[in-house]
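Visitor: Have a look at this prediction, sequence included:
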Amino acid sequence: MNEFIQTNWPYVEAYWPYIIAGLVALLVLLWWLVAAMRRTKVETDTSDILDDGKGPANRNQALIDAPPAVEPKVAVPPAAEATSQISSPAPAAAPAPSAELEPAPAPAPEPEPDTVTAADADGIADDLSRIKGVGPKLKKMLHELGVNNFAQIAAWTEADIDRIDSQLGRFEGRIRRDSWTDQAKLLAADDTSGYEEKFGKL
């Protein structure tokens with residue numbers, strides 16, 4: 001025995017904290033088992049059992065079967081009702097539609113006829129691109145300005161030329177430079193030979 005202790009003593013010294021911890025855990029387990037065994041059982045409360053032990057005691061059936069209490073209705077004196085009706089604000093009346101109507105817009109004044117925009121008597125539009133210097137773009141611009149035939153261009157005054165020229169944008173100056181009025185006079189008179197002699201072949 002002494003020989004066994006002497007042989008294993010180094011291991012005991014090395015692991016003694018673990019051995020002590022194991023012993024403590026074992027003591028705690030034993031104490032818990034003993035306490036559990038000594039715990040008394042809770043007796044069932046039999047206060048609601050009938051004397052004969054066959055079922056729950058009857059409750060006060062009279063209280064269960066009684067109808068629910070109704071709150072007494074408080075009578076409101078007529079004077080109080082009249083006061084409450086008077087004090088309540090009356091609903092606001094919808095605003096009446098305005099009887100005033102907006103004035104109708106004044107009609108636009110009719111443009112006065114002048115030599116630039118007035119069409120000739122027969123109302124036939126000429127091919128303005130026959131005038132040298134008038135291409136498709138200028139032809140469209142002249143139509144938008146109300147210029148549709150050679151007679152109108154032939155009748156332009158210096159003031160008419162200035163007014164139309166200022167509306168031609170990047171083509172400004174073409175009327176005088178290309179002699180539109182002179183060309184238009186010959187074309188309006190259907191003088192092809194005179195036109196070609198002065199301005200070249202059509």
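Guide: It's in.
Visitor: For Gly133, give me its contacts.
Guide: 174, 177-178, 180 (Cβ atoms under 8 Å, 6 or more residues apart in numbering). For every residue, glycine as well, the C-beta is placed using N, CA and C.
Visitor: Swap in 7 Å and give it another go.
Guide: Listed by Cβ atoms under 7 Å, 6 or more residues apart in numbering, the contact partners of Gly133 are 174, 178, 180.
Visitor: Give me the distance between the last one and Leu202.
Guide: Right, the one you point to is Trp180. 15 Å (Cβ to Cβ, to the nearest Å).
Visitor: Those two - which one has more neighbours?
Guide: A direct count of neighbours by other Cβ atoms under 10 Å for Trp180 and Leu202 places Trp180 higher, at 26 against 9.
Visitor: in terms of contact, does that one touch Gln152 like I think?
Guide: No - between Trp180 and Gln152 there is no contact under Cβ atoms under 7 Å: 10.7 Å.
Visitor: What ranges in this structure fall below the confidence cut-off?
Guide: 1-6, 8-12, 40-123 (pLDDT under 70).
Visitor: So which residues of this structure form helices?
Guide: With DSSP state H as the criterion, the chain has helices at 2-38, 61-65, 78-87, 136-144, 150-154, 158-165, 174-177, 180-188, 192-199.
Visitor: Please name every helix or strand in contact with the fifth one.
Guide: Right, helix 150-154. helix 180-188 (3 or more Cβ pairs under 7 Å, 6 or more residues apart in numbering; DSSP states H and E).
Visitor: What residues sit buried inside the helix it packs on?
Guide: 180-181, 183-188 (16 or more other Cβ atoms under 10 Å).
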